[in-house]
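[1] need a 3D model of the sequence below.
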Amino acid sequence: MSATVYTPSRSRRMRYASLCAVVVVFLALTGFFFHRSWVEREKQYAIALASTAPADQALPALERCLERDPEDAEILKAIVGIRIQIDAPFNDTDSYLNRWIAVSPQDVEAHRARIVVMMQYKRFDEAIASAERVVGLVPAEREVRTLLASLYLKLGRWDDAVREYRLLLESGAQPEVRIRLAQAELERGHREAAMAAIEQALQHNPQSAEALFLRGMAEFQGGDYSAALATFQHCRRATPNELEPVLYHLALCLEHLGRTKEAQTAFTELRFYQDAKNIAAIAPLRPDDLDLPMRSAEAWLAVGKPDAAEKVLQDALRRSGHNRKVFLALATCYDALGRAEEARQARQKASQSP
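    So this is what the prediction gives:
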């Protein structure tokens with residue numbers, strides 16, 4: 001009797017094959033989604049490292065993610081952010097920036113990052129190109145438009161600067177914009193437009209040293225030396241720190257008006273001011289040389305800046321301890337500042353000091 005061999009029917013074989021195919025597909029999909037989930041978790045971990053870990057830990061993790069997906073904008077953004085923070089070499093940072101922008105040409109953040117890098121390396125033309133791209137994408141972006149206008153002004157692109165400052169004014173910008181607009185108008189020779197912007201700035205702040213200086217410059221360029229002289233004298237009283245250009249133009253006005261002796265006195269004051277600044281820069285390098293701060297204080301007093309003289313002398317006291325000459329010079333500063341009690345105390349300390 002021969003054995004009977006069981007042979008599954010065709011339909012059963014088909015069902016079995018289908019089941020196997022389903023199992024294979026299920027396993028493949030499970031593996032795919034598991035891998036994808038693992039890759040996504042590693043990516044998020046690397047991005048988190050970018051904001052919490054040192055660069056030498058975060059960058060390798062981000063680079064591994066980038067190897068798997070060279071066009072991942074999030075990873076490129078994180079790498080660029082770290083490289084900006086650690087002041088990485090320009091060429092390396094720029095290459096990642098270019099990749100990020102190529103992947104996301106409409107991403108304002110990418111162009112903003114490029115502005116930061118270009119400003120950091122003083123590549124102003126390239127910073128302008130990126131800023132122009134940003135305001136093209138987002139016309140209401142005031143911060144970048146303000147930077148763009150200032151860069152145009154810095155590089156002598158007066159017409160472009162005027163256009164951008166006027167756009168900022170249309171959007172309700174601050175008085176500072178009017179001052180910069182006046183500067184740009186004055187630079188391109190439009191005195192009337194410059195004066196209009198200056199007067200509007202002065203309506204907001206009549207003691208604005210910058211606006212007063214620009215008004216004086218506009219009057220000087222127009223040949224109205226008497227008006228310019230009065231404005232520069234007002235500006236001198238309003239200017240807290242940077243007196244050099246004010247003193248220089250004061251002297252020039254006096255010279256043009258034929259007031260030669262007064263002009264010579266103004267030029268002498270200018271030299272005192274320049275000496276004071278130079279000595280102040282040198283003094284920290286020679287802390288044991290007490291003569292330097294004394295000379296600096298004398299120069300500041302000569303140009304009517306007793307507050308600056310006081311600061312210099314206080315620094316000298318901290319370095320040298322009690323000193324009769326320094327206390328006496330301080331008393332003179334306090335007299336000029338109208339602080340009689342402090343002047344009395346300084347003289348008393350001088351009498352008790354070597």
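[2] isn't residue 100 right up against residue 77?
    Yes: Residue 100 lies in contact with residue 77 (Cβ atoms under 8 Å); the separation is 6.1 Å. (C-beta placed from N, C-alpha, C; glycine too.)
[3] any common contacting residues for these two?
    Jointly contacting residue 100 and residue 77 under the rule Cβ atoms under 8 Å, 6 or more residues apart in numbering are 110, 113.
[4] more neighbours: which of those two?
    residue 100 (26 against 22; other Cβ atoms under 10 Å).
[5] gap between the closest residue to the more buried one other than its chain neighbours and residue 118?
    Distance criterion Cβ to Cβ, 6 or more residues apart in numbering; nearest residue to residue 100, sequence neighbours excluded, is residue 76 at 3.9 Å. Distance, residue 76 to residue 118, using Cβ to Cβ, to the nearest Å: 17 Å.
[6] neighbour count: these two, which is higher?
    A direct count of neighbours by other Cβ under 10 Å for residue 76 and residue 118 places residue 76 higher, at 26 against 22.
[7] make sure that one is actually in contact with residue 98.
    No: under the criterion of Cβ under 8 Å, residue 76 is not in contact with residue 98, lying 9.7 Å apart.
[8] what sits in contact with each of the two?
    Counting by Cβ under 8 Å, 6+ apart, nothing touches both residue 76 and residue 98.
[9] show me the domain layout of this protein.
    61-139, 206-258, 278-354 (automatic domain parsing).
[10] now these as CSV including distance to residue 190 and mean pLDDT?
    What follows is these, written out as CSV (distance: least, Cβ to Cβ, whole Å; pLDDT from 0 to 100):
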stretch, distance to residue 190, mean pLDDT
domain 61-139, 22, 88
domain 206-258, 10, 90
domain 278-354, 33, 80
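[11] would you turn the ones you listed into CSV with distance to residue 145?
    Formatted as CSV, these follow (distance: least, Cβ to Cβ, whole Å):
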stretch, distance to residue 145
domain 61-139, 5
domain 206-258, 20
domain 278-354, 36
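[12] mind checking which of the ones you listed is nearest residue 55?
    Closest approach to residue 55 among those is made by domain 61-139 (4.9 Å; Cβ to Cβ).
[13] distance check, residue 225 against residue 216.
    10 Å.
[14] repeat for residue 68
    63 Å.
[15] which one of those two has more residues nearby?
    Using other Cβ under 10 Å, the more surrounded residue of residue 68 and residue 216 is residue 216, with 27 against 11.
[16] could I get the contacting residues of the nearest residue to that one once chain neighbours are set aside?
    Closest residue to residue 216 apart from its sequence neighbours, by Cβ to Cβ, 6+ apart: residue 231 at 3.8 Å. Counting by Cβ under 8 Å, 6+ apart, residue 231 makes contact with 212, 215-216, 219.
[17] could you redo the last one with a cut-off of 10 Å?
    198, 211-220, 224, 246, 249-250, 253 (Cβ atoms under 10 Å, 6 or more residues apart in numbering).
[18] where along the stretch 151-300 of the chain do the helices fall?
    With DSSP state H, counting those that start in this stretch as the criterion, the stretch 151-300 of the chain has helices at 158-170, 175-187, 191-204, 209-221, 225-238, 244-256, 260-282, 291-302.
[19] save those as a markdown table, and put in distance to residue 323 too.
    Formatted as a markdown table, the helices of the stretch 151-300 of the chain follow (distance: least, Cβ to Cβ, whole Å):
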| stretch | distance to residue 323 |
| --- | --- |
| helix 158-170 | 51 |
| helix 175-187 | 43 |
| helix 191-204 | 45 |
| helix 209-221 | 34 |
| helix 225-238 | 32 |
| helix 244-256 | 30 |
| helix 260-282 | 17 |
| helix 291-302 | 9 |
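[20] which one of these lies nearest to residue 56?
    Of those, nearest to residue 56 by Cβ to Cβ is helix 260-282, at 38.0 Å.
[21] how far away is the residue nearest to residue 216 from residue 185?
    From residue 231 over to residue 185 (counting by Cβ to Cβ), the distance is 17 Å.
[22] check residue 218 too.
    From residue 218 to residue 185 the distance is 9 Å (Cβ to Cβ).
[23] find residues that contact each of those two.
    With Cβ under 10 Å, 6+ apart, residue 218 and residue 185 have common neighbours 191-192, 194-195, 197-198.
[24] of all the residues you listed, which comes closest to residue 132?
    Closest approach between the shared contacts of residue 218 and residue 185 and residue 132, by Cβ to Cβ: residue 197, at 23.5 Å.
[25] residues in contact with the nearest residue to the closest one once chain neighbours are set aside?
    Nearest non-adjacent residue to residue 197, counting by Cβ to Cβ, 6+ apart: residue 182, 3.8 Å away. For residue 182, the contact set (Cβ under 10 Å, 6+ apart) comprises 162, 165, 190-191, 193-201, 210-211, 214-215, 217-218.
[26] quick one: pLDDT of residue 182?
    We note a pLDDT of 95 for residue 182 in this prediction.
[27] likewise for residue 3?
    51.
[28] so residue 59, which of the three states?
    Secondary structure state of residue 59, per DSSP: H, G, I helix; E, B strand; the rest coil, is helix.
[29] burial count for it?
    If we define neighbours as other Cβ under 10 Å, then residue 59 has 20 of them.
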